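Participant: What shape does this take:
(chains A and B)
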Number of protein chains: 2
Amino acid sequence: MKGFAQTPVSDDGYRLWLKYDLINDAAKRQAYTRSTQFVSLTGNSPMLKSAANELSTGLQGLLGKSVPVIQNAGNRTGGIVLNRLTGPDADSQLLAKEGYRITSKNNTITITGKTDAGVLYGAFALLRQMQTLQPVEAISLTSNPKVQFRMLNHWDNVDGSVERGYAGSSLWKWYELPERVDPRYRDYARANASLGINGTVVNNVNASARFMTAEYLHKVAALADVFRPYGIRVYLSVYFAAPKTLGGLKTSDPLDPQVRRWWADKVKEIYQIIPDFGGLLVKANSEGEPGPQDYGRTHADGANMLAEAMKPYDGVVIWRAFVYKADPKADRFKAAHEEFTPLDGQFDKKVIVQVKNGPIDFQPREPFSPLFGNMPKTSLGMEFQITQEYLGFATHLVYEAPLFKECLDADTYVNGKGSTVAKIVDGSLHRYSMSAIAGVANAGSIRNWTGHPIAQANWYAFGRLAWDHTLSSEAIAREWVTMTLTHNPPATKRIVNLMLKSRDIYVDYNTPLGLSRPWSGVHFAPEPWQNRSSRPDWTAVYYHRADSAGLGFDRTATGSNALAQYRPEVRRTWENPQTCPLPYLLWFHHVPWNQQLTTGRTLWNELCTRFYTGADSVRWMQQEWAQVKPAVDPAIHADVSARLATQQREAVWWRDAWVLYLQSYAKQPIPAPYKKPDRTLEEVKRLTDVYLLR
Amino acid sequence: MKGFAQTPVSDDGYRLWLKYDLINDAAKRQAYTRSTQFVSLTGNSPMLKSAANELSTGLQGLLGKSVPVIQNAGNRTGGIVLNRLTGPDADSQLLAKEGYRITSKNNTITITGKTDAGVLYGAFALLRQMQTLQPVEAISLTSNPKVQFRMLNHWDNVDGSVERGYAGSSLWKWYELPERVDPRYRDYARANASLGINGTVVNNVNASARFMTAEYLHKVAALADVFRPYGIRVYLSVYFAAPKTLGGLKTSDPLDPQVRRWWADKVKEIYQIIPDFGGLLVKANSEGEPGPQDYGRTHADGANMLAEAMKPYDGVVIWRAFVYKADPKADRFKAAHEEFTPLDGQFDKKVIVQVKNGPIDFQPREPFSPLFGNMPKTSLGMEFQITQEYLGFATHLVYEAPLFKECLDADTYVNGKGSTVAKIVDGSLHRYSMSAIAGVANAGSIRNWTGHPIAQANWYAFGRLAWDHTLSSEAIAREWVTMTLTHNPPATKRIVNLMLKSRDIYVDYNTPLGLSRPWSGVHFAPEPWQNRSSRPDWTAVYYHRADSAGLGFDRTATGSNALAQYRPEVRRTWENPQTCPLPYLLWFHHVPWNQQLTTGRTLWNELCTRFYTGADSVRWMQQEWAQVKPAVDPAIHADVSARLATQQREAVWWRDAWVLYLQSYAKQPIPAPYKKPDRTLEEVKRLTDVYLLR
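Facilitator: Numbering: from 1, shown residues only, chains lettered A, B, ... in the order given. Okay, here's the model as predicted:
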């Protein structure tokens, strides 16, 4: 695409990690050229064509030469052969349905898969090898996805807005569809396919009933047509009360025969319009959404009704476990476990229950949800949030792989040591019939897709971990930086290091030691003093429980006893404030201000240390980023620099808001060497008030 | 900017009409080259630098050669000299403040202006000459703006949404500002400066009080810094109740001394932060917004209070006349005239009253507002809507210049024949001290700015007409097509013809013969049957008044007598259904179904003819557009083709909705040769119902 004539050609971020810029190292290019004289495929499969075209295009960019796509290479050597297995062979046993194997012999690279999708993923993997300058002469690489359903969840509305979106409007132009198909949809599919993402829920879980109408299903079908050649199936969020709203029925009771018939007919209609439809995602009886409990039925009743409608088809029902009642005496932490574990074993085989990583709501740091491990008879899927609702919108640099990994690697001890959340989610621990991992998308119509250029790495990291949760945060960051930002090794090292530290830095100035949910209305500004709302669990004080004695939510046996939802091995460590990891301390304990912590500091002094160190560390991030300027595209460098300046200003705001507010309870000075904020609590509050104005 | 490597380089529309692609005609290039060896300026003025840089960049693109910018050409010839007058000379008398003069002598082109802005506009005018392949050897061109304040109004909200926006999210990234300044802001300024637009209101008239806080004023200041070198001043919409909301006062009564002090202080603060701030735009006591009437005061009281605060500064107060009360017996048509004409002469000299072109609300066709001509002592500004709220969002091709012109050229007869609306708006008729014209913007963060590629022409046409309302719709369309789409003369002719007919075609299938406001909730779908709402004037039946006798709103003396608000010359023509122009017929008359019209057809038959001809004409538009395929960029051609397909489908929907609904009153068959719709009214309603779902 051309920019304004006077704009120097600069990187606008649109290409994500699929840049395919010419490799500077001529020797490297030559080495790759030996086995990339052609790309061969057999047959007319749209997915194999996608793979071949991507290789041809990618190699053209990387190597600066034209690479023809041919049919049936036969004995010809020196190229890339796409080898979709049609029967058992030596590779069959190594490969799962969507896995791939890449081998090289006589300068010919063979990409083998049991399915077209496997070959497609292998093609992107081979390109990644070259984008990261790895040798391919003797390549022998086998990879299988650990999780079956690897999905994005878009919280996109019919009016083009995106709930918790910070990258412009929705990618989907509903008023233009189905006739106009934005070329961008295909690039979206390519980006996802390059990571192995194989499903996307295109509409918000707070769902519009419009998506169950023929008018909208045909629009969705136009998207499905674009996504299909990239192995991506379309899913829809459903409005549980649609039988009443759309069908004109008197009830949406899941046990009512007319309601069941309505859904069966509706699902049939969907499959007539979208033959490879993926399935339904449901937010029910949660935050005001309708659901089966409106009729005295259970989540299982609701989910199973939809599963029955889905029975004739190759689709699933994904039921969210994000529920909590407005009970002032209850502990919201415990709600999902209390509602769902009694239903274990009652869900139909076609149902996946999708669980947020933590028990509350995508906080910067949460302990893993106690549902993981406690529903052995129900396929539990993981729901991560990629969009930075609680992580600084599009102005804070937070690399999320460490957050995802922290949860996936957490040990539930449900079958003894090593019973990690990852092993539950990938289905291996409980032998689930289905496995799923979903990320709430951060992509929007902004030119660079994600607003913050580094937020592209979160989309990337989610996808890579959905495929293989054993990858390290560091390895993923290095891949992404190399493909996206720079080939300069010292710069790469510096950026990777900055990314790896970014989440802890954010937590330090935002919610250290296990604090949570101090947000004002739109989840942008600090408001730890917020104590009024329509619901007690929609205030900030509900979560941190600051008083003259101390700080934190007692979830031990003397408090809400939420810890009883975890296995003894976990509980014993966390219920003792001396052994509870500091990052989770205030999640589980009300700690006196002068309590000495394992760091040797009192709680108050430790809090201040975290807030100040966190805010100061943003300056360090700015300095580090300044160092890599010569190695990074100027437009992207300037963009990130400007956002870091905003982050720095806002980090100090967060620090000041917390320390000034907590000081009113702790009644202690800011410890040396830190200087007290140069503004008052009232001044900080006034700044937050700006963001509460309509 | 680079696209994905595999995307062929295609035109993504980002460059608008400032494409500066190489001129194919070598002889033409050579002719231009003779007087474009350099661009010379004197001094360091940022606006002159903008002019010089634009010329240098534009010529580089058009001529394929580097054109240096130099200081003080002296006697050197063969280049372009930017001549900002520092004292009176021969040209002075020809030039208004922002006017320009372009002359050529000895192969040197001189661009003269009394102000830096004049020179800047001249630079863009010279580029336009070359973009449209006009000769420049003997150029002698003088142009002065007819209107002083030429503005865009953005209805953009703090959350990034755009009220009535169909081109993605807001251009302004409030969470990123002031640190991150999107490079796009500058391109926005360039596009506007190229048209002579010299002001922009960046926030919605349904205003957030955030914009009156220091936090946001600094964000706005960062925009002003980008716009200033392009001669564009920033304005803000204000929330009238801000003294209470922000200032903590007990009242926002405009006669209260504390309130007046608060605004004076606030305006002072604004000018400290933005020294060239343009002024305030106010929507008060309109559609639920607060205003002076909340305290028993008048619009003049409110406006004059703000004018007093603005007194020390070079800024204005723009007060909107878009008001109407929820009175079931009143005629909304008359409301603004009734409320505002009694205040004529009471407004401060710094106040402009901004009037929508028609008496209702940006309908596809309205008679001119009867306020024009009836407030000789008050500077009245024009408010047009560029964004297609009632013109098919981003999927219908509607070229709006004929709509703008129809209003500007309308004769009010207030000072006898020739008293056009344009002469009132440009201030010449009533010798206004200020003149203003505003367009509600259609630009958003979508890559091509406006969603529909042809909608760029509406932004362009608005700007050109704001500068010179005597330009013809055809001339403007030809300019725009030549600069933006093609240099091929037959294709240009065809596209211009299609554009010129597009608005009448839209009116025919949407609201022919003076129908209005048949819209459902979001103003997308047809809902002429809508008869329930919180207010009578928010129903459709209020406007068309269909019954068994006939159709239309009687606004003659036997009805609401709104026609009495017009001069006798106008009234006499319009009050007689025999002489009333057909396009306005149902605006003023309740016409029997079998009444014979001047076309020789009965009302019913004429309505059907219009609806069917309009919908059929979209097919003609599709055919015409298909013809120009070889002459237009493939990506843009495909984009417009797809949108035309949607428009065709929706035009039939509009037709069917109206004829089936009206048929239930007219009780007559669809006349030959038209075939009755192949669906029922209930089916059509169900389709509309889809768009009423949340």
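Participant: Distance from the chain centre to stretch A:148-157, please.
Facilitator: Here stretch A:148-157 is found 9 Å from its chain centre; the criterion is CA atoms, centre = their mean, to the nearest Å.
Participant: Repeat that for stretch A:206-220.
Facilitator: For stretch A:206-220, the distance to the chain centre is 24 Å (CA atoms, centre = their mean).
Participant: Same check on stretch A:384-397?
Facilitator: Offset of stretch A:384-397 from its chain centre (CA atoms, centre = their mean): 10 Å.
Participant: could you check whether that stretch is close to chain B?
Facilitator: Yes - applying CB under 8 Å from any CB of the partner chain, one finds stretch A:384-397 touching chain B at A:393-395. For glycine as for every other residue, the C-beta is placed from the backbone atoms N, C-alpha and C.
Participant: Save those as TSV, and put in distance to residue B:624 too.
Facilitator: Shown next, in TSV, are the residues of stretch A:384-397 next to chain B (distance: CB to CB, whole Å):
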residue	distance to residue B:624
A:393	46
A:394	43
A:395	47
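Participant: Nearest spatial neighbour of residue A:122, chain-adjacent residues omitted?
Facilitator: Ranked by CB to CB, 6 or more residues apart in numbering or on different chains and with sequence neighbours excluded, the top spatial neighbour of residue A:122 is residue A:100, at 3.1 Å.
Participant: The one you found: neighbouring residues, count only.
Facilitator: Residues near residue A:100, counting by other CB atoms under 10 Å in any protein chain shown, number 31.
Participant: any idea how far chain B is from it?
Facilitator: Residue A:100 sits 21 Å away from chain B, going by CB to the nearest CB, to the nearest Å.
Participant: backbone phi and psi for that residue, please?
Facilitator: Main-chain dihedrals, residue A:100, degrees, to the nearest 10: phi -140, psi 160.
Participant: And the one 3 residues further on, by the same measure?
Facilitator: As for residue A:103, its main-chain torsions (degrees, to the nearest 10) stand at phi -130, psi 160.
Participant: Who does it form a beta bridge with?
Facilitator: residue A:110, residue A:140 (DSSP bridges).
Participant: That one against residue A:112, yeah?
Facilitator: Yes - Residue A:103 is within contact range of residue A:112, at 7.4 Å (criterion: CB atoms under 8 Å).
Participant: Look at the two and report which has more neighbours.
Facilitator: Between residue A:103 and residue A:112, counted using other CB under 10 Å, residue A:112 has the larger neighbour count: 24 against 17.
Participant: Who are the contact partners of that one?
Facilitator: The neighbourhood of residue A:112, defined by CB atoms under 8 Å, 6 or more residues apart in numbering or on different chains, consists of A:83-85, A:91, A:95, A:100-103, A:118-119, A:122.
Participant: is it true that it lies in a strand?
Facilitator: Yes - with DSSP: H, G, I helix; E, B strand; the rest coil as the criterion, residue A:112 is part of a strand.
Participant: now residue A:294: how far from chain B?
Facilitator: The spacing between residue A:294 and chain B, counted by CB to the nearest CB, is 17 Å.
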